[in-house]
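[1] quick one, what's the 3D model for this:
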Amino acid sequence: METRLSETRKPQADGNALAALRGDDLLSLPAHPPSELDRTPILGIWDNADEGESGGILRMAVTEKQGVLRVRAFGAVTPPHTGAAAVSAPAAEDWGEIDAISYAPNVASPEAWGFTARYDFGFLETTIVSYIKLGDLVTTTYNVFRDRSGRADYWTREFFYLKEPPRAPHSSSQPIAPQPPAQQGFTRDRDRIRDASQEVDVDVTPLLATWVNFDATSRGIVRAEIVRNDARDKGISIRSFGANEAGLLSWDSAPAIPLSDDAAQHKSSGLITSLDLGFQRLVLVGYVNRGLLTLEAATTFTDGSPRARYLTRQHFYRLPRGG
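    Numbering: from 1, shown residues only. Next up is the predicted model:
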């Protein structure tokens, strides 16, 4: 059974009168939920396991200052060199310190396992989504250029290890402002391409499909339909379906930005969008790798309920045409 969101503007509620668009929104809550998440698991200095070889983020400092989560990222930028000298190790390009949002793995957990942060460099917007897995800080970045440089919007996936545990809280409450990139128009090596003289149309075909959750028992997003907006539009839209007691609950279709896996590659394999669903806001991002779509949904409740912000990751397969 499918219920359209457009027909249920007052979302269904359980016995606790909590609005929900999927079963994951309605897990049993503790009797006295904490006012804020314990962020200890995500705090510290995190270094990229590839030591900057991929040209992505080299390091992230994740701290908590006066109850606010902060992230300070450093991009890997290879300094110029001449002659036959050995290639230098990447330098750390300071992006500055910004506020971040922590997330639990579910609405009832008191402990953070991930965070999101968004950098605005003017010519580029970078959204960071990170979560802890077996001690690693797994990080995806979603990068959208604003300078009409011809570079493709792109996503990355990177892995970080804890180099230094969290220190005592800093007395200052003022964030360190984002720094202007030393290399004009670049925040890290992955922003570079040889020829950025003109914009190139992006092929969104790899994303276009109906995607079904591998987990048939999931109480989260169980289905997603990604379509092209129209023949003249480079954009795409995603329509998600959540699982609840009534069956499938269809969310409104949301425009999304298609992303490649490289600034020089114009075949899309990722996306980023955001949704305001009344009682909750979501950042919804994802990428396709070897035929598998991963969707990461960062949910923040805005209805004053005691539910924790939570971040989920789910995997989907492509439904054959006509299926």
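
[2] count of neighbours near the nearest residue to Ala263 once chain neighbours are set aside?
    Residue nearest to Ala263 in three dimensions, not counting chain neighbours: Arg151, with 4.4 Å by CB to CB, 6 or more residues apart in numbering. Bear in mind the C-beta positions are built from the backbone N, C-alpha and C, glycine included. By the measure other CB atoms under 10 Å, the count of residues near Arg151 is 25.

[3] give me every residue that touches Arg151.
    Contact analysis of Arg151 by CB atoms under 8 Å, 6 or more residues apart in numbering lists 145, 191, 193, 196, 263-264.

[4] just the closest of those to Ser240, please.
    Phe145 (26.0 Å; CB to CB).

[5] what about the residue nearest the centre of the chain, helix or strand, and which?
    The residue lying closest to the centre of the chain (CA atoms, centre = their mean) is Val129, at 3.8 Å. Assigning secondary structure by DSSP states H and E places Val129 in strand 124-133.

[6] what residues of that strand count as buried?
    Burial within strand 124-133, assessed by neighbour count using 16 or more other CB atoms under 10 Å, is assigned to 124-132.

[7] distance to Val283 for these - can I get that in a markdown table?
    Output for the buried residues of strand 124-133, formatted as a markdown table (distance: CB to CB, whole Å):
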| residue | distance to Val283 |
| --- | --- |
| Leu124 | 17 |
| Glu125 | 12 |
| Thr126 | 13 |
| Thr127 | 7 |
| Ile128 | 11 |
| Val129 | 8 |
| Ser130 | 13 |
| Tyr131 | 13 |
| Ile132 | 18 |
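
[8] make JSON lines out of those and add pLDDT and distance to Ser109.
    JSON lines is the format used below for those (pLDDT from 0 to 100; distance: CB to CB, whole Å):
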{"residue": "Leu124", "pLDDT": "94", "distance to Ser109": "33"}
{"residue": "Glu125", "pLDDT": "96", "distance to Ser109": "29"}
{"residue": "Thr126", "pLDDT": "97", "distance to Ser109": "27"}
{"residue": "Thr127", "pLDDT": "98", "distance to Ser109": "23"}
{"residue": "Ile128", "pLDDT": "98", "distance to Ser109": "21"}
{"residue": "Val129", "pLDDT": "98", "distance to Ser109": "18"}
{"residue": "Ser130", "pLDDT": "98", "distance to Ser109": "16"}
{"residue": "Tyr131", "pLDDT": "98", "distance to Ser109": "13"}
{"residue": "Ile132", "pLDDT": "97", "distance to Ser109": "12"}
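
[9] domains in this protein, as residue ranges please.
    If you go by automatic domain parsing, the domain ranges for the chain are 2-31+201-318, 40-191.

[10] all strands for the stretch 101-250 of the chain, in order.
    101-103, 114-120, 124-133, 136-145, 154-164, 209-213, 221-228, 236-244, 247-250 (DSSP state E, counting those that start in this stretch).

[11] list the contacts of the fourth one.
    If I follow you right, that is strand 136-145. 42, 46, 49, 56-57, 60, 123-132, 151-162, 191, 257, 259, 263, 270, 272, 285, 287, 296.

[12] so where is this structure shaky, pLDDT-wise?
    1-17, 30-33, 80-88, 168-184, 194-200, 231-233, 322-323 (pLDDT under 70).

[13] let's see that with 50 instead.
    Low-confidence segments of the chain (pLDDT under 50): 1-15, 82-85, 170-173, 182.

[14] still on that earlier bit, of the contacts of Arg151, which belong to helices?
    Among the contacts of Arg151, no member falls in helices (DSSP state H).

[15] among those, which ones are buried?
    For those, a neighbour count by 16+ other CB under 10 Å gives the buried set as 145, 191, 196, 263-264.

[16] closest to Thr302 among these?
    Distance ranking of the buried ones among the contacts of Arg151 against Thr302, using CB to CB, places Phe145 first at 30.1 Å.

[17] which residues does that closest one bridge with?
    Leu124 (DSSP bridges).

[18] how close does it get to Leu124?
    As judged by CB to CB, to the nearest Å, Phe145 and Leu124 stand 5 Å apart.

[19] list the buried residues in the strand or helix carrying Trp95.
    Assigning secondary structure by DSSP H and E places Trp95 in strand 91-99. Neighbour-count burial for strand 91-99 flags 91-98 (criterion: 16+ other CB under 10 Å).
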